[in-house]
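In: Sequence and predicted structure, then a few things I'm wondering about:
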Amino acid sequence: MWLNWMRSRSTIEFIGLWEQLNNPDFKGVEFDSFIQEAGSNAFTLSPQKWISATNAIGITSKSGRYGGTFAHKDIAFEFASWVSAEFKLYIIKDYQRLKADENSRISLEWNVNRVISKINYKIHTDAIKENLIPHLVSKKQQAFTYANEADMLNVALFGKTAKEWKEQNSNAKGNMRDDATIQQLIVLSNMESMNAELIKQSLPQSNRLIVLNKMAIEQMTSILGSSALKKLK
């Protein structure tokens with residue numbers, strides 16, 4: 001059965017790719033010659049010949065009473081999929097299930113951080129109300145102050161206001177924070193808490209913008225690596 005399986009060009013391509021990814025001593029020249037011959041009526045390839053010619057490690061073969069042909073699980077799965085269509089279908093279904101579970105966890109993680117951001121935003125707006133908004137101002141003036149502070153955070157983290165983002169993403173359904181990454185939402189949550197403390201210290205907005213922008217750069221760089229610095233500039 002191994003001999004029939006290894007006659008196929010697709011099989012040779014698969015096990016050759018596996019070796020290229022996992023075996024630094026794999027002999028590519030010999031592999032190329034097998035690829036050229038694979039699929040012809042006269043072509044045959046045994047596990048022993050494959051191992052000897054290419055210095056492969058994904059398949060092992062021993063003769064004798066306790067011998068046999070064995071393969072790395074990646075290759076074994078490919079072989080089993082060739083032998084049994086039922087097994088192949090189960091693998092496909094299980095992969096789809098695992099990806100669905102993974103996407104669900106990522107979505108949950110994003111939602112949790114979005115909720116954290118909203119909770120901190122409440123703390124943030126309460127600090128604005130207590131420290132920045134004078135008594136007896138109109139609702140319109142209050143709304144302007146909230147929007148102004150929110151946009152300061154947007155500029156510190158995203159480099160643009162909500163209006164500027166919307167103009168650049170006119171087809172987007174949500175706002176710039178709905179479009180944010182998990183990492184950005186984590187940093188935004190921290191920035192909102194920090195801004196609330198800076199407001200209590202009566203630090204002018206222009207100074208707070210500098211402090212928060214520096215904080216955003218440092219935290220995004222820490223989370224994502226040096227590439228984050230280029231994105232924030």
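Out: Thanks, I have it.

In: I'd say Phe14 and Phe79 touch.
Out: No: at 9.6 Å, Phe14 does not count as touching Phe79 under the criterion of CB atoms under 8 Å. All C-beta atoms are positioned from the backbone trio N, CA, C, and that covers glycine.

In: burial count for Ile217?
Out: 18 (other CB atoms under 10 Å).

In: Ser40 now?
Out: Number of residues near Ser40 (other CB under 10 Å) recorded here: 10.

In: SS state for it?
Out: Three-state assignment for Ser40 (DSSP: H, G, I helix; E, B strand; the rest coil): coil.

In: just to revisit the earlier point, between Phe14 and Phe79, which has more neighbouring residues?
Out: It is Phe79, of Phe14 and Phe79, that has more neighbours when counted by other CB under 10 Å, with 21 against 17.

In: Check which helices and strands the helix or strand encompassing that one sits against.
Out: Element membership for Phe79 (DSSP states H and E) is helix 73-83. Helices and strands touching helix 73-83, by 3 or more CB pairs under 8 Å, 6 or more residues apart in numbering; DSSP states H and E, are helix 2-5, helix 9-22, helix 85-131.

In: one more time with 7 Å, if that's ok
Out: Packed against helix 73-83, as judged by 3 or more CB pairs under 7 Å, 6 or more residues apart in numbering; DSSP states H and E, are the following elements: helix 9-22, helix 85-131.

In: what comes up buried for that helix?
Out: Residues of helix 73-83 classed as buried by neighbour count (16 or more other CB atoms under 10 Å): 75, 78-79, 81-82.

In: Point out where this protein drops to low pLDDT.
Out: 1, 103-147, 224-233 (pLDDT under 70).

In: now do 90
Out: Residue ranges of the chain with pLDDT under 90: 1-10, 28, 35-47, 61-71, 73-74, 76-166, 169-191, 195-196, 200, 202-233.
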